[in-house]
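> My questions concern the predicted model and sequence given below.
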Amino acid sequence: MEKQTSPKKVLVIGGGPAGCEAARVAAIRGHHVTLFDKNNRLGGNLIPGGIPDFKEDDHLLATWYEGELKDLKVDVRLNTEVNRTTVKEYAADAVIFATGSSPKTFSIGTSTKVYSAEEVLLGKKDPGASTVIVGGGLVGCETALWLADQGKKVTLVEMQEDILTVSGPLCHANEDMLRDLVAFKDIHLLTNAKIVDANDQEFVLKNKNGEETILKADSAILAVGYTPQQSLYEDIQNDVSEAYLIGDAKQVQNIMYAVWDAYEVTRNI
């Protein structure tokens, strides 16, 4: 990779895979790089995503980035919230916004036991002995398998005709494996269905024909996608000479696309 003949002061906001890759490439290019992240370790969504034992490579990737950025002498500042004042004080030549995404959430009826998959994966919420997972994409299926391995009774509810239809592109081997495991682990799968009401003891589902089903469960877990976090970029972009929005903050996809996006943007700074 070609070195930049006029090194810049580069600020990266966010330590997920996109932010880490941006910091890595910028440092290799010869820029002076500082990375801020609000969490206590690098990785972003890799951390909850890597909780299931069959996803340990997510944590290994986060650990690899920690080592790479240390070797490249990137100034990594954890447990740090960034705002307009922070950016102004840093006086960067280029600011890369890799602020990631957050899980979509909503309430269901009067139930007080509706959690995001991230909360459950990180151990912040206890789903109980039985749970209904809303959303049959990648996160929903992986969370269902992880809980089934713990002996939980899991029902997976998907609005579409099939699971894994609205996630980012998956290689056929991974998709086939997930489908086979969902069947093998005896996870109760309900497609063409959605939850329309709930209390703390049961959840009311309705299928595409309007027929209702009542499920008794201790909780519901939402795995219905992520929302890009763009507010900081929108607030600050006109105050800096170079501003770049990358990764999930620009468009929620998967790890591979986040890393590619970060690489392609940063190698041209």
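The structure has been received and is ready for your questions. Numbering: from 1, shown residues only.
> C-alpha coordinates for stretch 85-94, PDB please?
The C-alpha trace of stretch 85-94 is given here as PDB (Å, rounded to 0.1, in the frame of the first residue of the first chain):
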ATOM      1  CA  THR A  85     -16.500  19.600  21.200                       C
ATOM      2  CA  THR A  86     -14.200  16.500  21.200                       C
ATOM      3  CA  VAL A  87     -13.900  16.700  17.400                       C
ATOM      4  CA  LYS A  88     -13.200  20.400  17.400                       C
ATOM      5  CA  GLU A  89     -10.500  20.100  20.100                       C
ATOM      6  CA  TYR A  90      -8.800  17.300  18.200                       C
ATOM      7  CA  ALA A  91      -8.500  19.500  15.100                       C
ATOM      8  CA  ALA A  92      -8.200  16.500  12.700                       C
ATOM      9  CA  ASP A  93      -7.500  16.900   9.000                       C
ATOM     10  CA  ALA A  94      -9.900  14.000   8.300                       C
END
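> Name the residues that touch it?
Residues lying outside stretch 85-94 but in contact with it, judged by CB atoms under 8 Å, 6 or more residues apart in numbering, are 8-11, 13, 31, 34, 36, 80, 95, 236, 239-244, 269. Using the backbone N, CA and C atoms, a C-beta is placed for each residue, glycine as well.
> What residues of that stretch count as buried?
86, 87, 90, 92, 93, 94 (16 or more other CB atoms under 10 Å).
> Confirm that the second one sits in a helix.
It refers to residue 87. Yes: judged by DSSP: H, G, I helix; E, B strand; the rest coil, residue 87 forms part of a helix.
> gap between it and residue 63?
Here residue 87 is placed at a distance of 28 Å from residue 63 (CB to CB, to the nearest Å).
> now the helices for the stretch 151-269 of the chain?
If you assign secondary structure with DSSP state H, counting those that start in this stretch, the helices in the stretch 151-269 of the chain sit at 172-184, 231-236, 255-266.
> Quick one: end-to-end distance for stretch 232-245.
Using CA to CA, to the nearest Å, the end-to-end distance of stretch 232-245 comes to 10 Å.
> Now it: average pLDDT?
On average, the pLDDT along stretch 232-245 is 94.
> And stretch 210-218, by the same measure?
93.
> what's the answer for stretch 188-205, then?
Mean predicted confidence for stretch 188-205 is 94.
> Spatially central residue in the chain, please.
residue 45 (3.8 Å; CA atoms, centre = their mean).
> Leaving aside the residues adjacent along the chain, what's closest to that one?
residue 16 (6.0 Å; CB to CB, 6 or more residues apart in numbering).
> cool, and residue 127?
Excluding its sequence neighbours, the residue lying closest to residue 127 (CB to CB, 6+ apart) is residue 219, at 4.4 Å.
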